[in-house]
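Trainee: take a look and give me a structure for this.
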Amino acid sequence: MNTSDPSTTPDVGAWFIGARGSLATTATIGIHALALGVASPIGLTTETDAVRVAEFPEITDIVVGGHDISTTPLEERAEHLAAGGMFPAALVDAVRERLRATEANLRVVPTLTATQQEEIDLLAADIMDFRDRHGLREVVVIDVSSTEPLPPYHPGFDDDEALQTALTTPGVRVLPPSSRAALAAIAAGAAYAAFTPSASLNLPVLRARAERAGIAYAGQDGKTGETLLRTVLAPMFAARGFRVQSWAGTNLLGGGDGATLADPEAVRSKLVSKNRGLHALVGDDVVTPLHIDNVPDLGDVKTAWDHVSATGFLGSRVTLQTTWSAYDSALAAPLVIDLVRSLSLATRAGHAGVVPALGCFFKDPWGSDVHGFGEQTAQFIAWVHETAAAVAAARVAAP
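Mentor: Alright, predicted model coming up:
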């Protein structure tokens, strides 16, 4: 392909950080199954009547690659998820050849570099090689790796010179894996989304680098289940004038996420992210205890219970209890595909910097203080159509 002519390079790269994990594998299965026509786009926001536009890249135009610390073959990972009920085993058989082709695009995160800058350079080189080998118009990097503990503060988080000194000093380890991956995306000129609550691009100096690089980016922490339900219900209480007294939640999950979040340091950022939007909607004085418990036998099925206590007319008590149970990766995977398509659209429109209108996909949206799901969705729909119109107009005006 001639990579200098956008009209001859229609493909978009989806580069997953954590490419062999449950979420990335499910998203990869979904992309291949949709492209082959053996699955329907249920759960895909960008395929709903209100959102769908011709300017989104076709699912068939998405090529998958990524980084991971694991070397488990993608095919084996997919079979394991199918055995656990995430999707039918027949679907794995249908996309098996495509999974084997995707395997050639996956790279192991380097671990033996003398400096963190060397690692970042190698990560970026992998992304650029992926883009060049496939003649891609753009690459969208999505961090879907496991939640990591927040790093201890370093002056380099606020000062670029101090950060660069640390990154190029042998033996110094200042940035966590998610932030190194984010810097690699910036260096490769790729759009970026943080689907986890890890540090990633959420450090001032990294955000400044992203702005200077002119990439489109969005985050943070995918909104898939309990928090989605909360941001639908909380505006209802406010609109009807009820006063919420407490909103308690418990999450039970197993699998890799359950094991990761059993670490009190790793779970800390997740708890903050899940509660921030709720406090924004019902007030900081509302009591919001929240627990996340590892229950290994649940596997990839996540169950969330919420108990809401509110005061109604004349001081009467109002109580709401909800139960949400689903395969969390199956809830998240279509959102990841939506983000690939949306950030591709933003890139083609020449958008540089954070995309606040993608807040409907995140618990802790960057660039926006809107948390109510209805309002977020309306903003997303308006942004899609405005951006698509700009892309279409530019295409017509091009010589």
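Trainee: please make it C-alpha for all contacts and neighbour counts, starting now.
Mentor: OK.
Trainee: now do the strands in the protein.
Mentor: 12-17, 62-68, 106-108, 138-143, 191-194, 216-219, 243-253, 290-294, 301-311, 317-327, 353-354 (DSSP state E).
Trainee: what sits against residue 156?
Mentor: Listed by C-alpha atoms under 8 Å, 6 or more residues apart in numbering, the contact set of residue 156 reads 162, 163, 164, 166, 205.
Trainee: measure the residue nearest in space to the middle of the chain to residue 221 for me?
Mentor: Closest to where the C-alpha atoms of the chain average out (C-alpha atoms, centre = their mean) is residue 195, at 2.4 Å. Noted for residue 195: a distance of 4 Å to residue 221, by C-alpha to C-alpha, to the nearest Å.
Trainee: now the common contact residues for the two.
Mentor: Joint contacts of residue 195 and residue 221 (C-alpha under 8 Å, 6+ apart) are residue 362.
Trainee: what about the residue sitting furthest away from the middle of the chain, distance to residue 242?
Mentor: Within the chain, residue 314 marks the point farthest from the mean C-alpha position, 43.5 Å out by C-alpha atoms, centre = their mean. According to C-alpha to C-alpha, residue 314 and residue 242 sit 11 Å apart.
Trainee: then residue 296?
Mentor: Residue 296 is 38 Å from residue 242, by C-alpha to C-alpha.
Trainee: ditto for residue 68
Mentor: Relative to residue 242, and taking C-alpha to C-alpha, residue 68 is found at 47 Å.
Trainee: same check, this time on residue 175
Mentor: Distance, residue 175 to residue 242, by C-alpha to C-alpha: 44 Å.
Trainee: tell me which of those two has more neighbours.
Mentor: Neighbours were counted for residue 175 and for residue 242 using other C-alpha atoms under 10 Å; residue 175 has more, 24 against 20.
Trainee: how close does that one get to residue 386?
Mentor: 37 Å.
Trainee: need the CA coordinates for stretch 189-196. PDB is fine.
Mentor: Taking C-alpha atoms only, stretch 189-196 is exported to PDB below (Å, rounded to 0.1, in the frame of the first residue of the first chain):
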ATOM      1  CA  GLY A 189       1.800   9.600  17.100                       C
ATOM      2  CA  ALA A 190      -1.200   7.300  18.000                       C
ATOM      3  CA  ALA A 191      -4.500   8.300  19.500                       C
ATOM      4  CA  TYR A 192      -4.900   6.900  23.100                       C
ATOM      5  CA  ALA A 193      -7.500   5.900  25.600                       C
ATOM      6  CA  ALA A 194      -7.100   4.800  29.200                       C
ATOM      7  CA  PHE A 195      -9.700   2.100  29.900                       C
ATOM      8  CA  THR A 196      -8.200   1.500  33.400                       C
END
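Trainee: what average pLDDT does that stretch get?
Mentor: Mean pLDDT, computed over stretch 189-196, is 97.
Trainee: again with stretch 82-89
Mentor: Average pLDDT, stretch 82-89: 95.
Trainee: buried residues, it. List them.
Mentor: For stretch 82-89, a neighbour-count test (16 or more other C-alpha atoms under 10 Å) marks 82, 84, 86, 87, 89 as buried.
Trainee: so where's the stretch 1-150 of the chain shaky on pLDDT?
Mentor: For the stretch 1-150 of the chain, applying pLDDT under 70 flags the ranges 1-10.
Trainee: circling back to that earlier point, contacts only, for the residue nearest to the centre of the chain.
Mentor: 142, 143, 144, 219, 220, 221, 222, 336, 362.
Trainee: how many neighbours does the third one have?
Mentor: Burial of residue 144 is recorded as 26 neighbouring residues (other C-alpha under 10 Å).
Trainee: so how far is residue 154 from it?
Mentor: 25 Å.
Trainee: what about the helices in the stretch 101-250 of the chain?
Mentor: For the stretch 101-250 of the chain, the helices defined by DSSP state H, counting those that start in this stretch cover 116-134, 160-167, 177-188, 204-213, 226-239.
Trainee: which other helices and strands contact the fourth one?
Mentor: Taking 3 or more C-alpha pairs under 8 Å, 6 or more residues apart in numbering; DSSP states H and E as contact, the helices and strands that helix 204-213 lies on are helix 177-188.
Trainee: just the buried residues of the helix it packs on, please?
Mentor: Going by neighbour count (16+ other C-alpha under 10 Å), the buried part of helix 177-188 is 177, 178, 179, 180, 181, 182, 183, 184, 185, 186, 187, 188.
Trainee: looking at those residues, which is nearest residue 318?
Mentor: The shortest approach to residue 318 among these belongs to residue 178, at 42.1 Å (C-alpha to C-alpha).
Trainee: does residue 148 really touch residue 198, like I thought?
Mentor: Yes - taking C-alpha atoms under 8 Å as the definition, residue 148 is a contact partner of residue 198 at 5.6 Å.
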